[in-house]
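Chemist: no sequence for this one, just the structure:
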């Protein structure tokens, strides 16, 4: 999803466990200090005690489950 949004030219960031702790910290700080024009894609890494002030919408997507449904639809 992050790559798709980035390719579309949208201002977005990503955090996940394969990124270094320093990268995650800087990304968190950039998102926290932004003016609200950023989209954050993150795994459950962000659910562990990080505070994002002024976040008005959170969309949780289980990509593996959605991919499974998509495959099932195409196979039927």
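Modeler: Structure received. Nothing here was measured: the structure is a model prediction, and the numbers come from that model. Numbers count the residues shown, from 1 in each chain.

Chemist: after the helix or strand where residue 4 lies comes which helix or strand?
Modeler: Taking DSSP states H and E as the definition, residue 4 sits inside helix 2-7. Scanning forward in sequence from helix 2-7, with DSSP H and E defining helices and strands, the next element found is strand 12-15.

Chemist: so which elements touch that following strand?
Modeler: Using 3 or more CB pairs under 8 Å, 6 or more residues apart in numbering; DSSP states H and E as the contact criterion, the neighbours of strand 12-15 among helices and strands are helix 2-7, helix 21-32, strand 39-42. No exception for glycine: its C-beta is placed from N, CA and C like everyone else's.

Chemist: check which residues of stretch 26-44 are buried.
Modeler: 27, 28, 31, 39, 40, 41, 42 (16 or more other CB atoms under 10 Å).

Chemist: for stretch 14-21, same thing?
Modeler: Buried residues in stretch 14-21, counted by 16+ other CB under 10 Å: 14, 15, 19.
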